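**Student:** Here is my input, please return the structure:
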Amino acid sequence: MKLPENFGPELALLTERLTQSVGQLAKIDLPDIGTSPHETVLTGEGFRLLRYDSGAERANQCAVLIVYALVNRPWVLDLEPGRSTIAQLIASGLDVFLIEWEDPLAADQNRGFSDYACRMLDECVDTVSRLRNESTVNLLGVCQGGTFSLCYTALYGHKVRNLVTMVTPVDFHTEDNVLSSWARKVDLDRLVGCYGNVPGTLLNALFVSLQPFRLGSKKYLDLVDLADNPEGLRTFARMERWIADSPDQAGRAFREFVGALFQRNALVRGELILDGKVVDLRDVCCPVLNIYALADHLVPASASSALADHVASTDYSELVFDGGHIGIYVSRSAQEKISPAVAAWLQARP
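**Tutor:** I've put the predicted structure just below:
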């Protein structure tokens, strides 16, 4: 095969700019993430409950409790100024609370699915209700946290006013769900028996393998375009810090969640049991806003949009984002569209 005549000079230029970007990146201090002002309003076994912003005016604003996934830190929701879902929610007039899950210790390997979706979440809901002097809360569940929120709403619906789900898996057996196809082949007893708590580094490697070029080589080639863009390099560094910092998973909770949902699809089959009770999505009767991304490689749109067929809510609506699983939190278009829409939807349902 004959290479183009200009291939050599173009390759040299590419190498030069990539070297320049990497060199500048190495000189950048590790940027902070998750820096929006907040206070800890509750510390429990396995979690902290955070409240954002400050000032007495919060009492007059519509409140929302964010329930994030276990598999990553929630700081992708507060990556940096200008790329912060949390900051946008605050700017849109919401009183924002967030559950920060704590890393499980070796002694926590028997912490289960119900501990997260029922006990801990219920403690946070009650605290938000008490601080707000309100009998119900608004939930915003993100990814796996959305599944937790759905389960909680089905079991404790009298405590939930409105429910927002974002890139939330519901039907785990849609044909385009690559992650689920892989997870169905995992011997969970052997995996958890080997590790106790499942290492975050192991799960990180799995997620990268879903899109090896895009999540591997391509993102470093994209550095070429950032050679003369210090702000872009700092954003890149923040994203890399977030991606690399994946917490371990409590062994029992991981085995129960993956086994029940990824392997048996128990949620939509009405076979999921938490806290001794069957989780029936038909018991979700409150208003629901379901947000999903069309190019999501982790939670396909089909896995999220299935929710419409299972809840009993008469006030159900969807917000579709033309992007991916991470872009829905940090892209410029998402900043302009998603948080303001969530705030407006909640404020219309006091």
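**Student:** Out of the helices and strands in this protein, which is least certain?
**Tutor:** The helix or strand of the chain with the poorest confidence is helix 7-27; it has a mean of 52 (mean pLDDT, DSSP states H and E).
**Student:** for the helix or strand that that one is followed by, which positions count as buried?
**Tutor:** Remark: after helix 7-27, the chain's next helix or strand is strand 38-44, criterion DSSP states H and E. Buried positions in strand 38-44, judged by neighbour count with 16 or more other Cβ atoms under 10 Å: H38, L42. Placement of C-beta: from N, CA and C, glycine included.
**Student:** Now do strand 38-44: which elements does it pack against?
**Tutor:** Helices and strands touching strand 38-44, by 3 or more Cβ pairs under 8 Å, 6 or more residues apart in numbering; DSSP states H and E, are strand 47-52, helix 121-132.
**Student:** Show me the contact partners of the longest one.
**Tutor:** Outside helix 121-132, the residues within contact range by Cβ atoms under 8 Å, 6 or more residues apart in numbering are 41-42, 44, 47, 49, 51, 59, 63, 65, 67, 95, 97, 99, 134-137, 139, 148-149, 152, 156, 159-160.
**Student:** Among the residues you listed, which are located in helices?
**Tutor:** F148, S149, Y152 (DSSP state H).
**Student:** Please name the bridge partners of the closest residue to the second one other than its chain neighbours.
**Tutor:** Nearest non-adjacent residue to S149, counting by Cβ to Cβ, 6 or more residues apart in numbering: G141, 3.0 Å away. For G141, the beta-bridge assignment (DSSP bridges) gives partners V67, T165.
**Student:** What about G141, how many residues nearby?
**Tutor:** By the measure other Cβ atoms under 10 Å, the count of residues near G141 is 27.
**Student:** One more: S54?
**Tutor:** S54, neighbours per other Cβ under 10 Å, totals 10.
**Student:** so it sits in a helix?
**Tutor:** No: looking at S54 with DSSP: H, G, I helix; E, B strand; the rest coil, it is coil, so not inside a helix.
**Student:** quick one on the thing from earlier: weed out the non-buried ones from the contacts of helix 121-132.
**Tutor:** By 16+ other Cβ under 10 Å, the contacts of helix 121-132 give 42, 47, 49, 51, 63, 65, 67, 95, 97, 99, 136-137, 139, 148-149, 152, 156, 159-160 as buried.
**Student:** Any chance of a markdown table for the helices and strands packed on strand 38-44, columns distance to P350 and mean pLDDT?
**Tutor:** Compiled in a markdown table, the helices and strands packed on strand 38-44 are given as follows (distance: least, Cβ to Cβ, whole Å; pLDDT from 0 to 100):
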| stretch | distance to P350 | mean pLDDT |
| --- | --- | --- |
| strand 47-52 | 20 | 97 |
| helix 121-132 | 12 | 98 |
